[in-house]
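Q: Sequence and predicted model, in that order:
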Amino acid sequence: MERATFSKYSWIDFAFSVIGVCTFLMDWGSDVWVATEFYCRGDIFWFGVLVGLMVLSSVVVQMFSWFWFQYDRKLPGFGSVQTGGGTVLFGDRVKLSCLFHVLQLGFLCRHISAIRQGFRVWWRKAEGSEYAVYLTHDLSMLRLIETFCESAPQLTLMIYVMLETNKARTVQCEFSLV
């Protein structure tokens, strides 16, 4: 039986993992900024819709992340040295992982885990390149899910609010660019 081949994890993969965590945090910060602006200006309806989209998207992404974490635990060699399982942020601690996912921090922890594994592979030349690539692919899929659940509806919402109010506020334009 043939074994699937993965590309090797390189410095560019590591750089994109770090950039990915930065853009995730910037996206989260801009969401909070826009929601705060709506609330402070008294636009409670738009604030509610925006926060609802943020929460719904976060719950969906955390659920996928949790289900994939559960699936990963069943993979052969999950905790072995070859896959770099020793660097997985949660290891085999299911309750801790569950807590982070319930607190909506599982996706961020996955980013940290991927960066940690990527650093081991790229800088320290440790084993586990296939696992680092696997982690980055999971993150890419989770970001894609987040885009369809949060970013696209939020962009549509911002365009609608601008057309409805006939005003384009700085915060809406900044948010649309992120």
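A: That came through, no problem.
Q: what's the pLDDT at Tyr9?
A: Tyr9 carries a pLDDT score of 77 in this model.
Q: Return the residues in contact with Thr147.
A: Residues in contact with Thr147 (C-beta atoms under 8 Å, 6 or more residues apart in numbering): none are found. For the C-beta atoms, the positions are set from N, CA and C on the backbone; glycine is no exception.
Q: which residues of this structure fall in helices?
A: Remark: helices assigned in the chain by DSSP state H are 11-40, 44-73, 94-102, 106-122, 129-146, 152-165, 170-177.
Q: Other residues contacting the third one?
A: Counting by C-beta under 8 Å, 6+ apart, the neighbours of helix 94-102 from elsewhere in the structure are Gln62, Met63, Ser65, Trp66, Phe69, Arg73, Phe90, Gly106, Cys109.
Q: closest to Leu142 among those?
A: Nearest to Leu142 out of the contacts of helix 94-102 is Ser65 (C-beta to C-beta; 5.9 Å).
Q: rewinding a little: distance to Gly20 for the contacts of helix 94-102 - can I get that in TSV?
A: Converted to TSV, the contacts of helix 94-102 look like this (distance: C-beta to C-beta, whole Å):
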residue	distance to Gly20
Gln62	17
Met63	20
Ser65	14
Trp66	20
Phe69	18
Arg73	23
Phe90	19
Gly106	15
Cys109	14
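Q: what about Val32, how many residues close to it?
A: Neighbour count of Val32, defined by other C-beta atoms under 10 Å: 13.
Q: and the gap between it and Val51?
A: Val32 sits 10 Å away from Val51, going by C-beta to C-beta, to the nearest Å.
Q: what do you get for Ser30?
A: As judged by C-beta to C-beta, Ser30 and Val51 stand 14 Å apart.
Q: and if you look at Gln117?
A: Gln117 sits 33 Å away from Val51, taking C-beta to C-beta as the criterion.
Q: neighbour-wise, which of those two wins?
A: Between Gln117 and Val51, counting by other C-beta under 10 Å, Gln117 is the more crowded of the two (29 against 16).
Q: From what I see, that one and Ala132 are in contact.
A: Yes: if you go by C-beta atoms under 8 Å, Gln117 and Ala132 touch, sitting 4.6 Å apart.
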